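Q: Show me how the following folds:
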Amino acid sequence: MAHTIADLAARLGLEHAGDGTLVIARAAEPAHAGPDALAMAMSPKYAEGLAKGHARAAMLWPGADWQALGLAAALFAPRPRWAMAGVCEALDPGYDFGTGIHPSAHIDPSAEIGTGARIGPFAVIGARARIGPNARIAPHVSVGEDAVIGADAILHAGARIGARCVIGERYIGQPNSVVGGCGFSFVTPEGSGAEDVRATLSGERQVRAQKWHRIQSLGAVRIGDDVELGANSSIDRGTIRDTVIGSGTKIDSVCQIGHNVQMGEDCMMCGMAGVAGSARIGDRVLLAGKVAVNDNIFVGDDVIVGGASRVYTNVPAGRTILGDPATKLETQLEIRRVLRRLPRLAAQVARLQEAVFPGKGSG
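A: Modelled structure (predicted):
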């Protein structure tokens, strides 16, 4: 996917300088850029790498002296990561999904396949499933009965869409992502030990034999438009009502969304995060890596949850929280400052004890 500097500048709405006819075919880090590459040196701290590489053109910060850096051409990026997104989109060769339907794919006769859809080897499309126009389905994908996949969706190798799930347009399911597995819902004939602890908030409980019995998932999963689900991530179907993921939400790899969860629009959920069953997540919520959200709670619109936090209670809209248990960011930072002082405080207490009670020690 080769482009001239002038073409890229016009496509991305950026200023450029130097030889606009210079053709670049790929992007690279400055020190590893060859003559055909656009060196991504969007901050002064990356400029020294240009001398180690052989780039003729680079993406630079506004006001950079591109000629002094030995370049023949340059693009200038006021918002570097936004510019990077445009460059990567322009240079992305995409994936080869072949054409039409591969002979080894198994498609139930009652399924509906939209115009222009491409279905790869060993894919399985279940009864009455509907595949939207121009959908691209890679090898070894399975789509369950009565599922609906919107137009221009991409299902990468090994992706699974369960029965009766409804997915909007331009969905991207990365390899081995799963939509519509059964929810993790079990019950015992009598109250379980976990129920005892939760009710009393005490470790004291009656220990007894118990057998787990599955609660079947009668709901499905409904996903809006422009949603992405990362590799090896899963969204469980609802118990009675559907699990819902709003349009524009992006979910990273190795994430888990439990049954009945209602997640809003334009959320972002980073790697290894999890949302337990029946939690409600508002719009534009950011859950950083390894965040865990408790079941049956509400996280308001525009909340940001810092990495590895544990959210046990409702969170008001617009709040930034961090920690275990998660608290307001300002509170958590003060807690951490105090924790760093604890060894010194303990030593001071020990000295005071020795002064008041000589020979007694810290015990």
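Q: Return the residues in contact with the closest residue to H213 other than its chain neighbours.
A: Among residues not flanking H213 along the chain, V187 sits closest, at 5.6 Å (Cβ to Cβ, 6 or more residues apart in numbering). Just so you know, the C-beta spots here come from the backbone N, C-alpha and C atoms, and that holds for glycine as well. Contacts for V187 (Cβ atoms under 8 Å, 6 or more residues apart in numbering) come out as 212-213, 215.
Q: Out of these, flag the one nearest to S43.
A: Lowest distance from S43 to the contacts of V187 (Cβ to Cβ) belongs to I215, with 52.6 Å.
Q: what's the spacing between the closest one and F184?
A: Per Cβ to Cβ, to the nearest Å, I215 is found 10 Å from F184.
Q: picking up where we left off before, most neighbours among the contacts of V187, please name it.
A: I215 (15 neighbours; other Cβ atoms under 10 Å).
Q: Quick check: pLDDT value at the closest residue in space to that one that isn't next to it in sequence.
A: Distance criterion Cβ to Cβ, 6+ apart; nearest residue to I215, sequence neighbours excluded, is S185 at 3.9 Å. The score at S185 is 95. That number is its pLDDT.
Q: same thing with A199?
A: Here, the pLDDT recorded for A199 equals 86.
Q: got the CA positions of the host helix or strand of it in CSV?
A: Per DSSP states H and E: A199 is located in helix 193-200. Extracted in CSV, the C-alpha atoms of helix 193-200 (Å, rounded to 0.1, in the frame of the first residue of the first chain):
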residue,chain,number,x,y,z
GLY,A,193,-21.4,-21.4,52.1
ALA,A,194,-20.8,-18.5,49.7
GLU,A,195,-24.3,-17.2,50.4
ASP,A,196,-23.7,-17.5,54.1
VAL,A,197,-20.6,-15.4,53.9
ARG,A,198,-22.1,-12.8,51.7
ALA,A,199,-25.2,-12.4,53.9
THR,A,200,-23.2,-12.1,57.2
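Q: what separates it from the chain centre, distance-wise?
A: 33 Å (Cα atoms, centre = their mean, to the nearest Å).
Q: For whatever helix or strand comes next after it, which outside residues touch it?
A: Downstream of helix 193-200, the first helix or strand assigned by DSSP H and E is strand 213-214. Residues from elsewhere that reach strand 213-214 (Cβ under 8 Å, 6+ apart): 182, 185-189.
Q: so what's R237 up against?
A: Residues near R237 by Cβ under 8 Å, 6+ apart: 162, 165, 180-183, 217, 219-221, 243, 259.
Q: Can you list which of the residues you listed are found in helices?
A: Of the contacts of R237, none are assigned to helices by DSSP state H.
Q: From these, list the buried ones, please.
A: Among these, those classed as buried by 16 or more other Cβ atoms under 10 Å are 162, 165, 180-181, 183, 217, 219-221, 243, 259.
Q: picking that back up, burial check on the residue nearest to I215, number of neighbours?
A: 17.
Q: just checking, it touches S278?
A: No. Using Cβ atoms under 8 Å as the test, S185 is too far from S278 to be in contact (10.0 Å).
Q: what touches both of the two?
A: Among the neighbours of S185, those also in contact with S278 (Cβ under 8 Å, 6+ apart) are H259.
Q: Give me the below-cutoff pLDDT ranges for the stretch 101-250 of the chain.
A: Applying pLDDT under 70 to the stretch 101-250 of the chain flags no residue at all.
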